[in-house]
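> need a structure here:
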Amino acid sequence: MRVIKNKSSPLFFILFLFCMALLVSGCFSDKTSRENPSAAGTFDQLLPNIHQNGTFVFEGLPWLISGQEVMNRQQLVHAPSEQADVLIVEGNSPTEGPVKQITVYKFEDDRLVSGEYGFLTSDQDRFVELVEELQGLLSESLGTPFANDLSVLDPTGDFARQAKHVAWQGTDRSQLRVNVSTTEQQEYFLHMQIASPLPERQGLQ
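Below you'll find the model as predicted:
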């Protein structure tokens with residue numbers, strides 16, 4: 001696992017893509033000693049970890065728990081520094097094929113407020129399969145999105161540097177956002193963001 005200090009959210013997405021590129025190139029050497037928490041199955045096994053009883057959670061964890069409690073529950077070996085607000089865990093994708101995954105835990109005031117999954121591959125055919133599988137599961141399980149629709153995830157379209165996302169909102173105002181894009185290295189990127197209920201996040205500011 002690599003722990004990254006980050007206090008500038010506009011730069012985080014760039015950092016996130018950079019970390020994904022390093023994963024594919026094999027440059028990361030400081031890896032967690034356990035598998036990615038979501039790496040035991042496919043997307044149908046990941047979905048219960050982010051959607052429970054009409055609300056969105058991350059890795060099945062309650063919102064606002066501390067970084068140390070996250071590490072204890074997820075059995076992560078390296079503690080973050082006191083100022084770290086991001087934990088990035090590297091691993092292989094829960095799907096078959098040449099897909100790399102990063103799982104990101106994000107904190108405010110040492111409380112878990114959001115999380116992200118990134119899936120990266122240079123295999124376009126595998127990426128199409130991956131996105132189509134996720135589209136089907138999201139359509140069946142989550143119903144109608146509140147922002148855009150599943151067409152923005154079309155893996156066969158021109159989504160280079162795609163800025164649009166499709167989003168769902170839970171009964172507690174927690175959110176899931178998903179988008180697809182390509183990197184400067186012409187790799188295909190699937191990005192899932194899960195955020196805690198908005199009133200709770202605003203209360204941390």
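
> State the mean pLDDT of the lengthiest strand in the chain.
In the chain, with assignment by DSSP state E, the single longest strand is strand 111-121. Taken as a whole, strand 111-121 carries a mean pLDDT of 94.

> helices or strands next to it in the packing?
Under the contact definition 3 or more C-beta pairs under 8 Å, 6 or more residues apart in numbering; DSSP states H and E, strand 111-121 sits against helix 9-25, strand 100-108, helix 124-142, strand 188-195, helix 198-202. In this view, the C-beta of every residue, glycine as well, is placed from N, C-alpha and C.

> What's the separation between residue 91 and residue 121?
Using C-beta to C-beta, to the nearest Å, we find residue 91 at a distance of 14 Å from residue 121.

> Could you measure from residue 50 over to residue 134?
12 Å.

> These two: who's more crowded?
residue 134 (24 against 20; other C-beta atoms under 10 Å).

> which residue packs closest to that one, ignoring adjacent ones?
residue 43 (5.3 Å; C-beta to C-beta, 6 or more residues apart in numbering).

> Look at that neighbour and say how many residues are nearby.
Neighbour count of residue 43, defined by other C-beta under 10 Å: 20.

> Check the gap between it and residue 187 for me.
Distance check for residue 43 against residue 187: by C-beta to C-beta, it reads 19 Å.

> Same check on residue 197?
Note on residue 197: its distance to residue 187, by C-beta to C-beta, is 33 Å.

> Which residue comes closest to residue 87 once chain neighbours are left out?
By the measure of C-beta to C-beta, 6+ apart, the closest residue to residue 87 outside its immediate chain neighbours is residue 105, 4.2 Å from it.

> right, and that neighbour touches residue 68 too?
No: using C-beta atoms under 8 Å, residue 105 and residue 68 do not qualify as a contacting pair, with a distance of 11.7 Å.

> Same drill for those two, tell me which one is more crowded.
When neighbours are counted by other C-beta under 10 Å, residue 105 comes out ahead of the other of residue 105 and residue 68, with 25 against 12.

> contacting residues around that one?
Residue 105 makes contact with 58, 59, 67, 70, 86, 87, 89, 112, 115 under the criterion C-beta atoms under 8 Å, 6 or more residues apart in numbering.

> Around the second one, how many other residues sit close by?
By other C-beta under 10 Å, the residues close to residue 59 number 20.

> same check, this time on the last one
Here the neighbour count serves as a burial measure; for residue 115 (other C-beta under 10 Å) it reads 25.

> Who is the nearest residue to it once chain neighbours are set aside paired with across the strands?
Nearest-residue entry for residue 115: residue 58, 3.3 Å, with adjacent residues in sequence omitted and distances by C-beta to C-beta, 6+ apart. In this entry, residue 58 is beta-bridged to residue 61, by DSSP bridges.

> So residue 58 versus residue 125, what's the distance?
30 Å.

> Give me the more crowded residue out of those two.
Between residue 58 and residue 125, counting by other C-beta under 10 Å, residue 58 is the more crowded of the two (27 against 10).

> Now do the contacts for that one.
For residue 58, the residues meeting the contact criterion (C-beta under 8 Å, 6+ apart) are 49, 50, 105, 112, 114, 115, 194.
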